[in-house]
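Enquirer: return a 3D structure for these sequence lines:
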Amino acid sequence: MGGFHLLDILIVALIGLAIFGPKALQSMAHNAGKGAGQAKQMKETIMSDLSLDEVRKITEDIPQLPLNSRQAMHMLMDNDVEEKPSEAKTKEEKKVEVKLDETH
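Expert: Now for the predicted structure:
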């Protein structure tokens, strides 16, 4: 199902040759190759300018996104578990504060 087979590429090339002609097809292939080369050169320039530490910082700053519903539910459940103890502490702290206020 994935990828191109040799027969598919040959059929596309023959149809392109029949529609555009040999000169136009050669020009399009030349321009596509130049564009791919420029894109590769830009990628190499960017990668050489960025240090590994900067890339790590960027990836750490990006939050992890769930890929499916199971991961989303797991992340939500983890967040609920983390929030509940802090809420309980604040309620307990409030009770202690009220008791201290009543005694003073």
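
Enquirer: show me what counts as buried in the helix or strand hosting Val55.
Expert: Taking DSSP states H and E as the definition, one finds Val55 inside helix 52-61. Residues of helix 52-61 classed as buried: none (neighbour count, 16 or more other Cβ atoms under 10 Å). (C-beta placed from N, C-alpha, C; glycine too.)

Enquirer: and that helix, average pLDDT?
Expert: Over the span of helix 52-61, the pLDDT mean works out to 77.

Enquirer: show residues contacting that helix.
Expert: Applying Cβ atoms under 8 Å, 6 or more residues apart in numbering, helix 52-61 has no contact partners.

Enquirer: how does the protein divide into domains?
Expert: Using automatic domain parsing, the domain ranges for the chain come out as 8-62, 67-104.

Enquirer: which one of the ones you listed has the poorest average confidence?
Expert: domain 67-104 (a mean of 66).

Enquirer: need the three-state assignment for Phe4.
Expert: coil (DSSP: H, G, I helix; E, B strand; the rest coil).

Enquirer: how far away is it from Leu14?
Expert: Separation of Phe4 from Leu14 (Cβ to Cβ, to the nearest Å): 14 Å.

Enquirer: please apply the same query to Ala32.
Expert: Separation of Ala32 from Leu14 (Cβ to Cβ) stands at 18 Å.

Enquirer: ok, now Pro22?
Expert: Distance of Pro22 to Leu14, computed by Cβ to Cβ: 12 Å.
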